[in-house]
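> Need coordinates for the below:
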Amino acid sequence: MLRIVHLESESIIAELRRPAFAHAWVEYPKTRPDEVVDRLAGASIAITNKVPITAAAVDALPELKMVAVSATGTNNVDLEACRRRGVVVANIRGYAEHTVPEHVFALLLALSRNLVAWRATVQAGAWQRSAQFCLFDHPIRDLHGATLGLVGSGSLGNGVVRLAEAFGMRVLRAERRGAAVVRPGYTAFAEVLREADAVSLHCPLTADTQGLIGEAELRAMKPSALLINTARGGIVDEAALVRALKEGWIAGAGFDVLTAEPPPAEHPLLDPELLVLPNFLLTPHVAWASRPAMQALADQLIANIEAFAAGTPQNRVA
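Sure thing, here's the model as predicted:
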């Protein structure tokens, strides 16, 4: 009988049905990294969302046969260690193809139409004191006719493209940074940074994408450009982003992810001076978390486990 241990049951708000085969099920609301090995002792299948499954943990768990990641990103799992041990790793795909793009456009619209600044203006009573029917205190830009640079072209990136085209935006898909050949349908990375009115990140966090957007890239963008990150915090040099926003290298940024989650109080993007800027929006990693999306994730998670138990693993990354 397979023993399944869910390390982070509170990371999903959904009806999580039990697999349709004989098994033992153990779950924990949350798990600290130093609790992983003890809690997975004797487990055949581990379910994790963000808690790390390190090489040391994999080596210490001889009965572990599968890591079922209840997310798309797998940077918290040592994939090489799993491959070496023959541990199957499966992730979740496609479940957020509507909710994440919608969040991207919520950020884009709020920033380009200056909604935070307009809300503060109304709260301060400026409209009430106005001599005419409207105000012109803050600039408003349309998405129609603007150029969107897209970094990453999976299901989430493709969902963003669908919305961008509906808004009448021109989309440039970025080729990998430093690529010798630009694939058909893609644009050189540096050219995308130069031309885009907004850049949206949808690539996984890997050794190649760690710090992908740093000082040089931020300075290469238009001073009027926006940066949207709903992917992973480590893709952007956060200290450089703080300077970019405070010194006006770019016009604004909307982020849903940070390098550390939950972040420490001293995290650079939680700087009180930054959080009051109308051109910076930070949400707590919720772009993926609509109720329909979480239910789709939960259903696919169990389907991945059932496929593994049946000897036909799906959504394998290792």
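
> What are the boundaries of the helices in this structure?
For the chain, helices defined by DSSP state H occupy the ranges 36-40, 55-59, 79-85, 99-112, 115-123, 155-166, 189-195, 215-220, 238-247, 272-275, 291-309.

> what does the helix or strand of the chain with the lowest mean pLDDT rub up against?
The weakest-scoring helix or strand in the chain, judged by mean pLDDT, DSSP states H and E, is helix 272-275 (a mean of 92). For helix 272-275, the surrounding residues in contact (Cβ atoms under 8 Å, 6 or more residues apart in numbering) are Val242, Leu245, Lys246, Pro268, Phe280, Leu282. Where C-beta positions appear, they are placed from N, C-alpha and C, glycine not excepted.

> rewinding a little: deepest of the helices of the chain, which one?
Mean neighbour count (mean count of other Cβ atoms under 10 Å) peaks for helix 99-112 among the helices of the chain, with a mean of 22.

> Centre of the chain to that one, how far?
Helix 99-112 sits 13 Å away from the centroid of its parent chain (Cα atoms, centre = their mean, to the nearest Å).

> What residue spans form the domains of the protein?
Residue ranges for the domains of the chain, per automatic domain parsing: 2-95+292-309, 99-282.

> can you put the ones you listed in a markdown table and add distance to Ala318?
A markdown table is the format used below for the domains of the chain (distance: least, Cβ to Cβ, whole Å):
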| stretch | distance to Ala318 |
| --- | --- |
| domain 2-95+292-309 | 4 |
| domain 99-282 | 13 |
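
> Let me know which of these is the nearest to Val317.
Counting by Cβ to Cβ, Val317 lies closest to domain 2-95+292-309 out of these; the figure is 5.1 Å.

> how far away is the nearest residue to Ala318 once chain neighbours are set aside from Val69?
The shortest distance from Ala318 to any non-neighbouring residue, by Cβ to Cβ, 6 or more residues apart in numbering, is to Val89 (3.9 Å). Distance, Val89 to Val69, by Cβ to Cβ, to the nearest Å: 7 Å.

> Between those two, which contacts overlap?
Jointly contacting Val89 and Val69 under the rule Cβ under 8 Å, 6+ apart are Val77, Val317.

> Tell me the confidence at Phe21?
Note on Phe21: pLDDT of 96.

> ok, now which ones touch the closest residue in space to it that isn't next to it in sequence?
Counting by Cβ to Cβ, 6+ apart, Phe21 lies nearest to Ala309, which is 5.2 Å off, once chain neighbours are set aside. Neighbour list for Ala309: Leu2, Pro19, Phe21, His23 [criterion: Cβ under 8 Å, 6+ apart].

> Now the buried members of those.
Leu2, Pro19 (16 or more other Cβ atoms under 10 Å).

> residue furthest from the geometric center of the protein?
Ranked by distance from the centre of the chain (Cα atoms, centre = their mean), the top residue is Ala131, with 44.4 Å.

> Tell me the spacing between Cys82 and Tyr186.
Where Tyr186 is concerned, Cys82 sits at a distance of 31 Å (Cβ to Cβ).

> tell me the mean pLDDT over stretch 292-308?
Mean predicted confidence for stretch 292-308 is 98.

> hmm, who's touching that stretch?
4, 12-21, 45, 47, 65-66, 68, 70-71, 88, 90, 92-96, 98-99, 288, 313-315.

> chain center to it: distance?
For stretch 292-308, the distance to the chain centre is 19 Å (Cα atoms, centre = their mean).

> How about Val286, nearest residue that isn't a chain neighbour?
Asp256 (6.6 Å).

> So what does that neighbour have for phi and psi?
phi -120, psi 0 (degrees, to the nearest 10).

> Report how many residues lie close to it.
Neighbours of Asp256 under the rule other Cβ atoms under 10 Å: 23.

> From Ala20, how far off is it?
Applying Cβ to Cβ, the value for Asp256 to Ala20 is 34 Å.

> Likewise for Val276?
Going from Val276 to Ala20 by Cβ to Cβ gives 52 Å.

> Where does pLDDT dip in the stretch 1-150 of the chain?
Along the stretch 1-150 of the chain, the model assigns pLDDT under 70 to no residue.

> one step back: chain center to the least confident helix or strand of the chain: distance?
With Cα atoms, centre = their mean, you get 22 Å for helix 272-275.
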